[in-house]
Each structure stands twice: as C-alpha cells, then as structure tokens.
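Q: need the 3D shape of this:
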Amino acid sequence: MLAGNVVYAAAQWAVLSLLAKLGGGEMLGQYALAMAVTAPVIMLSHLNLRAALATDIDERHPLGDYLAVRLATTAAAMCAIAVIAFLSTHSRTVAAVILLLGMSQSLETVSDIYYGALQRRDEMARIARSMIARGIASVFAAGIALWMMHDVVSAAGALVLARFAVLLAYDRPKGSAGERLFRSGRHSQLVILRTALPLGIVLMLVSLNTNIPRYAIEQHLGTRELGAFAAVASFIAVGSTAVNSFGQVTTPRLARYYSERNLARFRLLALQLSGLAFALGLAGVAVAAVFGKLVLRLMYRPEYAAYSGLLVSIMAAAIPGYVASSLGYVMTSARIFNPQAFLFSAVAITSGIASWVLVPRFGLQGAALALAVAASLQIAGEVLILARHFSAGSPQFER
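A: Coordinates of the predicted model:
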C-alpha cells in the first residue's frame, strides 16, 4: 500500500514538474488554481464513502447501494463544477481546465468506492496496483499532451482519458468481484447518505483548509506566485503518502478493535500511528533544510531554488498536518462522524482568517504559517473529541 501511494504521489508530482518544465509558471499556476477550485466540491461529493464502506464490517449495506450514492453525488458535483466554470471570471483556459480536472477527480472518486470494497476485504495489494497504474498512465498521458500541444487544457483532458481507462479496465472488475452489486432500495441509500454526509462536509472543509491559503495567494500575489507555492507545497505529499498509507491499512484493524471493545489495543495503535506521523514530519524538515535547493532545482527549474526557505517552512507546517491526519483516521475508524464537521468548520474559519491576515503581510511564508495554525487547532479539537468519546471507558456505538 505504501508503494502504491508513493508511486501515485510521485506521479502527481511529476505532472506538476512537467507543467513547470514544458509550460512555465503561468501554466502551473492555472493548473493549481483549477485544482483549488474543484477540490472542495469533489470532496463534499466524496462523502468519504470508502471509509464508511471499509468500516462496515457487518456488511449492513451492499456495494450496489454505496455505488449508487457515489454516482449520484458525483453527478451533482460535476453539475456544480460546470456552473462554476461557466460563471468563472477567469480566462476561458482556466474555465476549461476547471471542468476537465473536475471530470478527472470525479472518475477517481468512482474508483475510490471500489477501493473501499477491496479495503474491507483486506485486498490492499490490488488497490496499490490500481494506484500505480493510474499514476503512471496519468504521467504519460499528460506528458505526451504537453509535449505535442504545449497546452494545459490538453494535459487536463489527457488525465481524464487515463483515469477512465484504469477505472474500466481494472478498478471496476476487481473491486466488484464477490460483492453484492444489487441495490436494496432508496431507503438504504438515504441511510448511507445521512451516515456519510458529515464525512463529506469534513472532507470539503479539509480541502478548504488546504486551499484557502491558495485563494489568498491568487488574490494578493497573482497566479504565477500561486504556481510557485503549489510546486513547493507539493512536497508535503511525501509525508502525506506514508501517513495515508498507514492510516488506510490500520483503519479496518482499528475498526475491529473498536467493534470488539478492545480499547487497549485501539489506543496503542492510535498512538503508534500518530507518533509515526510526527517522526515523518521531523524527517521532512531535516531533508528540506539540507537538500531543498538541489531538489527544487532538479524537480522544477533552476529559479525555483530561491524558494528553499519556503520549502523548510512548509515542511515544518506539515508536521501538525500529518499528526492531525493520523488522528482523523482514528476518529473515522471509531465511526465518530458528526463532531468532525463542527471541528473542521472551526478550522476552516481559522484558516481563512489566518490566510487573509498573514499572506498580505508575509507573502508565501504567511501561507505556510496559516497552514500550521489551522492544523494545530485541528489536533487540539481531535484530541478533545476522542477524549470525550472514550471518557466513559467504553465506546459508544453509532448505528
């Protein structure tokens, strides 16, 4: 699973590198802006149904019902993105990229529901193979499009084709094998929607927390600076890849410990996951401080080496972000859904205030600081929610 996440994260990284090398800072900024616009909408429609499905140990609902909910919410998200693209005050190029990236991310959410079925069956290797195939196909498709057309719209369109091919050829047949594909009815689907809706709101707010500083950068500093920030901030994905890999692998095990009321093992595994996230963050800061200039020069262009100080700041801000992400997996495994929406609402508000105060004053360094402030508040809230949830000495189940 770690290998799959590493390859996929490297592939996303490679797409940014190709945009910087073959297209330049303006094209990279347009891509980053489109991602920042579409991601919160996609995350709301996502509902984190994969987590809901993977932790549905008793199989109360068939895969067909989860898939029906996913397709309905994804269609609604695409309608919203189309409206955003149409009403956008940005150029036609940015509007087209917004629409195409919305389509490519929508295809990923459909693959993700099949990942949930595989995860519940502990068939993590198949998820990893899919991620590797999707990542490699995306890089080759985007690279060929950029080389031939020198156009960000063509690159975004190539991503759509690559991800659609992997969904049809691998994800659908492997994920649905042995699953109940029938739909038990609208009532069951509404139950799933009501259960997962708080998670969708949480994912949207998480995406907003990541992207609000980018909105502030685009507003105050311009698209080119946004492209530079997106390029440097992409290094956060190195640690996130590992944290997400371990989080995805441990979620079913944590859910079983929770279901069995084995709180000792639950707490030990949760502490191990959080400690690993913290250690990865510290390692990221050390690597950025020593090799930052070299890596930026090689990955993008020589002029990006000037952002090595920003890289160190961003990796330092990633430390609380990694810990907060690990605690999020712990909360989800215990099916603590509703409180997360309130927590992330507060985090999003904090992120917005911090970004609009710090970015105009400190530039890109202010955006990094805003990320750290928001993540620190998130950790405090998650610890408080988990402490209250287990204060009685045994988990309280949500049905």
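Q: would you mind identifying the next helix or strand past the strand or helix carrying G135?
A: Assigned by DSSP states H and E, G135 belongs to helix 124-149. Next along the chain after helix 124-149, taking DSSP H and E as the criterion, comes helix 152-166.
Q: ok, residues contacting that following helix?
A: With contacts defined as CB atoms under 8 Å, 6 or more residues apart in numbering, helix 152-166 is touched by 15, 18-19, 23, 27, 30-31, 34, 93, 96-97, 100-101, 103-104, 107-108, 111, 130, 133-134, 137-138, 140-142, 144-146, 148-149. To be clear about C-beta, it is placed using only N, CA and C from the backbone, and glycine gets the same treatment.
Q: for the helix or strand just after that helix, packing partners?
A: Heading C-terminal from helix 152-166, the first helix or strand you meet, by DSSP H and E, is helix 172-176. If you count contacts as 3 or more CB pairs under 8 Å, 6 or more residues apart in numbering; DSSP states H and E, helix 172-176 packs onto helix 92-120, helix 124-149.
Q: just the buried residues of the contacts of helix 152-166.
A: Those of the contacts of helix 152-166 that meet the buried threshold are 15, 18-19, 23, 27, 30-31, 34, 93, 96-97, 100-101, 103-104, 107-108, 111, 130, 133-134, 137-138, 141-142, 145-146, by 16 or more other CB atoms under 10 Å.
Q: tell me the contacts of the spatially most central residue of the chain?
A: When CA atoms, centre = their mean is applied to the chain, the residue found nearest the centroid is S207 (7.2 Å). Counting by CB under 8 Å, 6+ apart, S207 touches 39-40, 42-43.
Q: can you name every helix or strand that the strand or helix carrying V290 contacts?
A: Element membership of V290, judged by DSSP H and E, is helix 263-299. Here helix 263-299 touches helix 223-233, helix 236-259, helix 308-333, going by 3+ CB pairs under 8 Å, 6+ apart.
Q: quick check: buried residues in it?
A: 266, 269-270, 273-274, 276-277, 280-281, 284-285, 287-288, 292-293, 295-296, 299.
Q: run the chain-centre distance for the one helix or strand in the chain whose mean pLDDT sits lowest.
A: Of all helical and strand segments in the chain, the minimum by mean pLDDT, DSSP states H and E falls on helix 49-54, at a mean of 82. Helix 49-54 sits 15 Å away from the centroid of its parent chain (CA atoms, centre = their mean, to the nearest Å).
Q: over to stretch 51-58?
A: Worked out by CA atoms, centre = their mean, stretch 51-58 lies 19 Å from the chain centre.
Q: same thing with stretch 92-111?
A: 15 Å.
Q: can you tell me what sits against it?
A: By CB under 8 Å, 6+ apart, stretch 92-111 touches 30-31, 33-35, 37-39, 41-42, 45-46, 70-71, 74, 77-78, 81-82, 84-86, 88, 130, 134, 152-153, 156-157, 159-160, 163-164, 166-167, 171, 175.
Q: helix or strand right after the least confident helix or strand of the chain?
A: helix 63-87.
Q: going by neighbour count, list what's buried in that following helix.
A: For helix 63-87, by 16+ other CB under 10 Å, it's 63-70, 73-74, 77-78, 80-81, 84-85.
Q: if you average pLDDT over that helix, what comes out?
A: Mean pLDDT, helix 63-87: 92.
Q: next: stretch 276-288.
A: 95.
Q: who touches that stretch?
A: In contact with stretch 276-288 (CB under 8 Å, 6+ apart) are residues 235-236, 238-239, 242-243, 246, 308, 311-312, 314-316, 318-323, 325-326.
Q: now list the buried members of the residues you listed.
A: 235-236, 238-239, 242-243, 246, 308, 311-312, 314-316, 318-323, 325-326.
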